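In: sequence first, predicted coordinates after that:
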Amino acid sequence: MWRPGWASPSCCGTERQYRELLEQSGFGLAQVYPAGRFNVIEARSA
């Protein structure tokens, strides 16, 4: 599900796709911090 603060699905993918990429890389999403136009995404080791 797309939410404000996440990249637009038509632009850069969805939250689900991003979480899948993190999992494939051995990481998990920890937190998202709003930072103006972009967000800072904190990941943790899986």
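Out: It's in.
In: for the longest helix anywhere in the chain, output the C-alpha coordinates as CSV.
Out: Determined from DSSP state H, the single longest helix within the chain is helix 15-24. What follows is helix 15-24, C-alpha atoms only, in CSV (Å, rounded to 0.1, in the frame of the first residue of the first chain):
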residue,chain,number,x,y,z
GLU,A,15,6.6,-0.2,-0.1
ARG,A,16,6.1,-3.9,-0.6
GLN,A,17,8.7,-4.0,-3.3
TYR,A,18,11.2,-2.1,-1.2
ARG,A,19,10.6,-4.4,1.8
GLU,A,20,11.2,-7.4,-0.5
LEU,A,21,14.5,-5.9,-1.8
LEU,A,22,15.6,-5.4,1.8
GLU,A,23,14.8,-9.0,2.7
GLN,A,24,16.6,-10.3,-0.3
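In: so for it, mean pLDDT?
Out: For helix 15-24, mean pLDDT is 85.
In: right, and the helix or strand after it?
Out: strand 27-35 (DSSP states H and E).
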